[in-house]
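pasting the structure only:
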């Protein structure tokens, strides 16, 4: 006998491709679901049976330890079987194509594909081509939805709500899928997002996005409730968007000195792994305002929720 | 719609169950009530309050969410999609007698799920089942240790439990 | 014995001679022998009532992929597609594998074209060896072999001094230098137009400046060389700013021509939203503002040629991730209907104007004596049913490739017969030789 609710919400997506296409209700539903998964990681038997007999593939075309491990852990805690498939690609794709690979995996009877790829749009492309559920674990610099979800989950858990919060996202916005997914999730849940970085790392026509932009971390730090420091990804930076790491850190590094200007209860976040001394000083990364490790913990719960929900949607569409 | 239990009757059942539980529990063994979301959780709270009062010691209560252990997760579920919620048990269940509480015992499938969920949390000394309404129609070899109201209402009917904490009134009806 | 072919009662449109009237066209052997009311009988008579009788259509920008990528297209398959679409002449781009960069290469294309006996197949040669933008290719010898212009299409000539040298050198031969305007510094690794959509799709953007900066530069080079005998042609222009640059160059009477493709008239960057690689083209699809500017440019007479930039690709290549898939749309076979949809239906132009931009004007760019029904000219004629509606079906394409986002579209205006050199090479619902 279910509780009678005003509105019966149903999760209906068998793919999680990005947060841009989700509405606030859907995002909130994932977060609420994740809450139920959080405790599994803390109890004696760190496993529940809902994906028993399901096959999850971690299809990673780009280096990642953190996200892949987090998904592996999430899937195994839900009792799924996991195949790890890691392949480095070049953009010139002679030989077996992505589609070939996916079709081959599908022939093995997979249920969920967790995909990371260097090219934006690959999860969407894949979702059109195969029957399995597709979960985006990061595509190019388009989206990284589970990171966006775990970020808002962490903030909500500590601050209670996203509504009315001011959040700065600092660094290489142009090449950051985290910045994009964060932006969609945070603004949909009512927060105000400020992109902070040098103009050379702010993407085209940012004025059409629901954010404001600042080139001055010093001005922004005083007024925000949350600051998310992006990792400088040297492999993605094209050309020479800033003169030197030293100069970048000078303007955009989160230093102990800068933290003095911040609100006392500011949350310091980072998607990891940190370039210590570059985006932020060690003392800040390990300081009292840092929630970086909580993000990692919450990431597992959020990914469990996502795997659970896409599988639910698939089960119901059968 | 037929009303089968009114607030006084419900209250009496809780009191009766309390007495029976106490009489069958060896002295010196810790007991706790764990209710299945969401009506079971309320009944467990009421039961633990009664037990605490009668025993003169704290009998903790907890909430068990069984969604992840349901056996129908991978089949189409019609309009009702189960939502995963938290399990809230703030005590160690090892070596305790756990009174598992639900509102209606029918097919027994929820209880099977609940027992699996409990076992993943620890190793209780025993699990006893207490329900407000025990209706005919078991699909698994499961029986209640403590049943309040027994009914042989035919399949297809709905036994609806309302409790004041969640629904504003205490009442059990057959629809 | 002479062969005679009489086309009766058609609406004869010959923009070169200012003709748009209902009359007959007589073809004797491979030449136009008469135009007007012709009472004599002929061996073969075609009734063209309610049909447009036009000079054979000319597409000065196609990719037939031979040599090198014959799985995608061959000169034979491309020519068959061309003639079925009413094109009696096409100009192949030299970015084959290996590229067309010497007289032997040019002769190879011509030979394959002749063997196919469908449409006239011309080719441009590369401006620079291997299309690397460093050393000039043998433009003189290629011109002698029949190359109708030069381009490094697929690439722009990056170095300004090399481009200046190419224009100067080409002035010896009275031949057009065509440029794929793309400054690689600005273009980077872009795969679609840079802007809001590339930002949210997380795809590298190609700034409009990449095209405009090179076009601007080239116009300065042309200006410097204005007294030499040069001709410069900007290929597939796609932005509003490019239109303005062309407009200014025309005002200064510089020898600058340009062309526009159907996809830059029919699609915007928003089409990339689903990562459908059939919309991945270079130059990329732009904004609605750019589309409007291109249409205005055509209305204003600034555009000299409508071209398809027919770029066939294998299904397996287009089924790659958006980042990795090749650029291009295969649209040769439905081109006419697309132009009608983009230009005639909205009232931007009428049939005589459309035919002008598909016949005599492009012929002039490449310097061939074609694109007219003048008596004594080679008898390349296309007969069009301007009212025929049909559904584009890529599976019926004669082209080897299917990378066509127009599949399923209903368009108006269909080619019925294509006559090349006096010979009927294509007949709808009939046998095509």
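Everything's here; your move. Worth saying up front: this structure is predicted, and the values here are computed from it rather than measured. Numbering: from 1, shown residues only, chains lettered A, B, ... in the order given.

Contacts for stretch B:69-85, please.
Identification of contacts with stretch B:69-85 by Cβ atoms under 8 Å, 6 or more residues apart in numbering or on different chains yields A:2, A:8-11, A:29, A:32-33, A:35-37, A:48-50, A:305, A:308, A:311-312, A:315-316, A:318, B:37, B:65, B:67-68, B:109-110, B:112-114, B:116-117. Where C-beta positions appear, they are placed from N, C-alpha and C, glycine not excepted.

buried subset of those?
A:11, A:29, A:32-33, A:35-37, A:48-50, A:305, A:308, A:311-312, A:315-316, B:37, B:65, B:67-68, B:109-110, B:112-114, B:116-117 (16 or more other Cβ atoms under 10 Å in any protein chain shown).

on that earlier part again, which ones among the contacts of stretch B:69-85 map onto helices?
A:29, A:32-33, A:35-37, A:305, A:308, A:311-312, A:315-316, B:109-110, B:112-114, B:116-117 (DSSP state H).

who touches residue C:202 in this structure?
A:120-121, A:139-143, A:177, A:180 are the contacts of residue C:202 under Cβ under 8 Å, 6+ apart.

Not counting its neighbours along the chain, what's nearest it?
residue A:142 (2.5 Å; Cβ to Cβ, 6 or more residues apart in numbering or on different chains).

from what I can see the one you found touches residue C:201, true?
Yes: using Cβ atoms under 8 Å, residue A:142 is in contact with residue C:201, at 6.0 Å.

what is in contact with the two at once?
With contacts defined as Cβ under 8 Å, 6+ apart, the residues shared by residue A:142 and residue C:201 are A:120-121.

re earlier: would you reformat the contacts of residue C:202 as JSON lines and include distance to residue A:157?
Shown next, in JSON lines, are those (distance: Cβ to Cβ, whole Å):
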{"residue": "A:120", "distance to residue A:157": "30"}
{"residue": "A:121", "distance to residue A:157": "31"}
{"residue": "A:139", "distance to residue A:157": "27"}
{"residue": "A:140", "distance to residue A:157": "29"}
{"residue": "A:141", "distance to residue A:157": "27"}
{"residue": "A:142", "distance to residue A:157": "26"}
{"residue": "A:143", "distance to residue A:157": "22"}
{"residue": "A:177", "distance to residue A:157": "23"}
{"residue": "A:180", "distance to residue A:157": "22"}
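
For those residues, give me CSV that also has pLDDT, neighbour count and distance to residue C:267.
Shown next, in CSV, are these (pLDDT from 0 to 100; neighbours: other Cβ atoms under 10 Å in any protein chain shown; distance: Cβ to Cβ, whole Å):
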residue, pLDDT, neighbour count, distance to residue C:267
A:120, 94, 28, 19
A:121, 95, 28, 17
A:139, 96, 32, 23
A:140, 93, 24, 22
A:141, 92, 26, 24
A:142, 96, 28, 21
A:143, 97, 32, 24
A:177, 96, 24, 26
A:180, 97, 27, 24
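
Farthest-apart pair in these, please.
A:121 and A:180 (12.6 Å; Cβ to Cβ).

overlap in contacts of the two?
Counting by Cβ under 8 Å, 6+ apart, the common neighbours of residue A:121 and residue A:180 are A:142, C:202.

Show me the strands in the stretch 151-300 of chain C, by range?
C:176-179, C:192-193, C:205-206, C:231-234, C:256-260 (DSSP state E, counting those that start in this stretch).

Chain A is nearest to which of these?
For chain A, the closest of the strands of the stretch 151-300 of chain C is strand C:205-206, at 5.5 Å, according to Cβ to the nearest Cβ.
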